[in-house]
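**Q** okay, here's the prediction I keep looking at, along with the sequence it came from:
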Amino acid sequence: MPELPEVETVARDLRRHLLPEGGGPGPEIAGTRIAWPGTLRDGDPASFAAGVTGRRIEAIGRRGKQLVVDLDGGSFLTVHLKMTGQLFVVPAALPRDPYERAALVLADGREVRFRDVRKFGRIGLYVADDDPFDGIGPEPLDPRFTLREFRRRIRRRRARLKPLLVDQAFLAGVGNIYADEALWRSRLHPLRSAATLRPADERALYRNVIEILAEAVERRGSSIDDYTAPDGDGEMQERLDVYQRTGQPCWRCGRPVRRIVIGIRATHFCTWCQRLPAADRPGAAKLLATMTPRPGAGAKRSAAGAPRRGRRWTELDGEGALGRTVDEVAARERAVRTRAAAAARRAAARRGAGEAPAADVPGTPRSAGGIS
Ligand SMILES: [Zn+2]
């Protein structure tokens, strides 16, 4: 699901397409087309059309994982992309995509189309006094979000770090991908209790959450599954250290990255670099007992979450890679195929939306980088 960096990228692309460079209002909305009324929060296409028709788009921003489109007169739209939502700005004459759920018809001959294969995405229309973001935590990239503020908030919490980081009431915009990445960078176990953090841990986590999100914004987010933006895919997926790297060597210690499922969320981490303090183990063991081990993840694994014994990364010679089990190799191949299929789906969506393939869009070199 798109998180802060992905939604921020969509917002920036939309601004570029819809708002004049020198400032001032964007195009007028001439009408709407709602193919799936369930996409609207209130489910009422008539009131939606009445609320937006004749309005101009004045600003496009983001709050947490939602896009915010300000209209003149003080009303505003929110767009939650959820699992598979995509937005495109296209000429009105372009044939419609079967997965288009809603569209804003602009007076300038273009349309903003919302494509959403799985129909979980939602568009809301609000008036100036509404606050649909009540209860959502601070924006991690807001300069007002200081270490002091982070400490104040985390010291009130006792939750385990992974569920805490993805809790939108705690921090806005962090989801599965960047929570796993920030925890790995901070060397903190996902099941560690917030109450056991030392001041240095708090500082590391604060810094790494901000750094990973800022870096991901710069790289246009992670194009995993269905996420793509109006101007093309992101490339942060090439830079992730643990997310969806199950079985591959941890960059720090060479031990295989582990995957556990907490609730419905897959969590990726290194059991060696992200140790669980003794005080947290009994509680974590209870949680671990409810977790689903990854099928076929191999005989090498002891109990999930327990560190695997073995040589240190620094003691290895040659290329320094620890071997992979047959299962791990097969899993890696499956993951590569899954990613390739997802990339093909995004490319098809883009063709349907009349955009050039991502590879042809300047500034989004898909071949750049690679994990190194
Ligand atoms: Zn490690």
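**A** Thanks, I have the structure now. Numbers count the residues shown, from 1 in each chain.
**Q** for the stretch 151-300 of the chain, what spans make up the strands?
**A** 258-262, 265-269 (DSSP state E, counting those that start in this stretch).
**Q** possible to save those strands as a markdown table with mean neighbour count?
**A** Where you see a C-beta, it was placed from the backbone N, CA and C, and this is true even at glycine. What follows is these, written out as a markdown table (neighbours: other Cβ atoms under 10 Å):
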| stretch | mean neighbour count |
| --- | --- |
| strand 258-262 | 21 |
| strand 265-269 | 21 |
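**Q** tell me the contacts of the residue nearest to Leu191 when sequence neighbours are not counted?
**A** Once flanking residues are discounted, Leu191 sits nearest to Ala284: 4.1 Å by Cβ to Cβ, 6 or more residues apart in numbering. Applying Cβ atoms under 8 Å, 6 or more residues apart in numbering to Ala284 gives the contacts Arg160, His189, Leu191, Arg192, Leu276, Gly305.
**Q** picking that back up, so which of the strands of the stretch 151-300 of the chain gets nearest the ion?
**A** Minimum separation from the ion across those (Cβ to the ion) falls at strand 265-269, 8.6 Å.
**Q** if we can go back for a sec, JSON lines for the strands of the stretch 151-300 of the chain, including distance to the ion?
**A** Shown next, in JSON lines, are the strands of the stretch 151-300 of the chain (distance: least, Cβ to the ion, whole Å):
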{"stretch": "strand 258-262", "distance to the ion": "10"}
{"stretch": "strand 265-269", "distance to the ion": "9"}
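**Q** quick one, domains of the chain?
**A** Per the record, the chain has its domains at 4-126, 147-337, by automatic domain parsing.
**Q** just give me the closest of the contacts of Ala284 to the ion.
**A** Of the contacts of Ala284, the one sitting nearest to the ion (Cβ to the ion) turns out to be His189, at 11.4 Å.
**Q** what is the burial count for the closest one?
**A** Residues lying near His189 (other Cβ atoms under 10 Å) number 26.
**Q** now Phe145: phi and psi?
**A** phi -90, psi 90 (degrees, to the nearest 10).
**Q** ok, now which ones touch the residue nearest to it when sequence neighbours are not counted?
**A** Distances taken as Cβ to Cβ, 6+ apart put Pro138 closest to Phe145, at 4.7 Å, once the chain neighbours are dropped. Applying Cβ under 8 Å, 6+ apart to Pro138 gives the contacts Arg144, Phe145, Glu149, Arg153, Leu171, Ala172.
**Q** separation between His17 and Ala200?
**A** His17 is 44 Å from Ala200, where distance means Cβ to Cβ, to the nearest Å.
**Q** more neighbours, those two?
**A** His17 (18 against 9).
**Q** tell me the contacts of the more buried one?
**A** Applying Cβ under 8 Å, 6+ apart, the residues near His17 are Val89, Pro230.
**Q** could you give the average pLDDT over stretch 170-184?
**A** In this model, stretch 170-184 has a mean pLDDT of 97.
**Q** and it, end to end?
**A** 19 Å (Cα to Cα, to the nearest Å).
**Q** that stretch near the ion at all?
**A** No - judged by Cβ under 5 Å from the ion, stretch 170-184 stays clear of the ion, getting no closer than 7.9 Å.
**Q** and that stretch, what's buried?
**A** In terms of neighbour count (16 or more other Cβ atoms under 10 Å), stretch 170-184 has its buried residues at 170-184.
**Q** again with stretch 188-208
**A** So stretch 188-208, judged by 16+ other Cβ under 10 Å, has buried residues 188-194, 196-197, 201-202, 204-206, 208.
**Q** repeat that for stretch 112-119.
**A** Val112, Arg113, Phe114, Arg115, Asp116, Val117.
**Q** can you redo those residues as TSV with secondary structure, pLDDT and distance to Gly74?
**A** Conversion of the buried residues of stretch 112-119 to TSV gives the following (DSSP: H, G, I helix; E, B strand; the rest coil; pLDDT from 0 to 100; distance: Cβ to Cβ, whole Å):
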residue	secondary structure	pLDDT	distance to Gly74
Val112	strand	98	20
Arg113	strand	98	25
Phe114	strand	98	23
Arg115	strand	97	28
Asp116	strand	97	27
Val117	coil	96	33
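**Q** specify which member of those is nearest to the ion.
**A** For the buried residues of stretch 112-119, the closest approach to the ion (Cβ to the ion) belongs to Val117, at 35.9 Å.
**Q** let me see the contact set for the closest one.
**A** Val117 neighbours (Cβ under 8 Å, 6+ apart): Thr84, Tyr99, Asp226.
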